[in-house]
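Enquirer: need a 3D model of the sequence below.
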Amino acid sequence: AEQFWADKKAKEAAEAAVAAYAADVPVGATCAICAQSSTEGLVSGCACGLAHMSCLVRRAEVSAKDHEERGEGERNWRKCPTCNSDYDPNARLPLSWACWKTYLSRREQDPFRFGALVTHSHLLHVVGKDEDAEPFLLYCLDVYQRFYSSAEIGSDLFEIVMRSEAMLARTSWNLGNYEESLRRYRATLSDHKKAYGASHPDTLQISMKLAGALMKFDGTPEARTLMRKTLSQARNANGDNDANTILIAKTFCMCLRVGSHSSDELREAQRIEAKFGPFNFNYSR
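Expert: Numbering: from 1, shown residues only. Predicted coordinates:
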């Protein structure tokens, strides 16, 4: 059933990509890979030129198989093996689905299968396919916990799970599951603090994302407390001129100004803006 569903989604994505390019394909254009024209339709895959989606998939399959021994198999689904450029955004989704269905039948701990799972789950989120992304991100974290949880902090595998957790929190928010999103942001922030420390750039970014979500969910007092502490940590670690510090100051200033606030909080916002601003944003919720 899972293979059937992956085949179906890959076919739908390929058809959508062809439709997106249909108006821009010149009459009589041929595929840069097979040099033929057909009723399949062409897409702008990469710098090589127009190509059939099926030809792009077959080329990726062959190239990936040839490069698996060097640990580069999955990469060839993201970059053209001929010109080495990233695939066009509209071609990336069908190629990603094709990549996933290619490795799907392998054992769960197969590194290329896991690489395909990670890449696909992240791409689904990036292109706004959050309903599809959520189960893939959950599955990605599940596979990590069962087979790769011994990965060292700072390793590529560990970085993958950190990014996946943050994406899952954002995906939940996009789907309207706000309380679940806040729970996941808090858990992700806790994991980042344990792994990297409170003043690490990635930790600071998660703090700002949680504060932004809290403000939208009427959790402004908690957001203010979080950003006050985060700004202090950023200033101590990175100084007042650091880009992250300034962005955190702006976020904190917004926290202090939105919704109901005391005169002390308003004065605190004015002091921060005098130090780090001026800031250009709409203070209204």
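
Enquirer: could you list the low-pLDDT ranges of the stretch 1-150 of the chain?
Expert: Under the criterion of pLDDT under 70, the regions of the stretch 1-150 of the chain flagged as low confidence span 71-73.

Enquirer: how about the helices in it?
Expert: Along the stretch 1-150 of the chain, counting by DSSP state H, counting those that start in this stretch, helices occupy 2-21, 53-67, 89-103, 111-126, 130-143.

Enquirer: between the first one and helix 89-103, what angle do the directions make?
Expert: Following axes from the mean of the first three to the mean of the last three CA atoms, to 10 degrees, one obtains 160 degrees for the angle between helix 2-21 and helix 89-103.

Enquirer: so for the host helix or strand of residue 182, mean pLDDT?
Expert: Secondary structure from DSSP states H and E places residue 182 in helix 178-196. Summarised as a single mean, pLDDT over helix 178-196 is 95.

Enquirer: from the chain's centroid, how far away is it?
Expert: Centroid displacement of helix 178-196 relative to its chain, using CA atoms, centre = their mean, to the nearest Å, is 16 Å.

Enquirer: next, the buried residues of stretch 265-282.
Expert: For stretch 265-282, a neighbour-count test (16 or more other CB atoms under 10 Å) marks 268, 269, 272, 273, 276, 279 as buried. C-beta: built from backbone N, CA, C; applies to glycine.

Enquirer: for those residues, which one is nearest residue 59?
Expert: Of all these, residue 279 has the smallest distance to residue 59: 48.7 Å, by CB to CB.

Enquirer: ok, now which ones touch that closest one?
Expert: 250, 253, 254, 273 (CB atoms under 8 Å, 6 or more residues apart in numbering).

Enquirer: could you say which helix or strand holds the residue nearest to it when sequence neighbours are not counted?
Expert: Excluding its sequence neighbours, the residue lying closest to residue 279 (CB to CB, 6 or more residues apart in numbering) is residue 250, at 4.9 Å. Per DSSP H and E, residue 250 falls inside helix 243-257.

Enquirer: buried residues, that helix. List them.
Expert: Applying 16+ other CB under 10 Å to helix 243-257 flags 244-257 as buried.

Enquirer: kindly report the same for stretch 5-13.
Expert: Quick answer for stretch 5-13 (16+ other CB under 10 Å): 6, 9, 10, 13.

Enquirer: now these as CSV including distance to residue 160?
Expert: Conversion of the buried residues of stretch 5-13 to CSV gives the following (distance: CB to CB, whole Å):
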residue, distance to residue 160
6, 21
9, 22
10, 23
13, 23
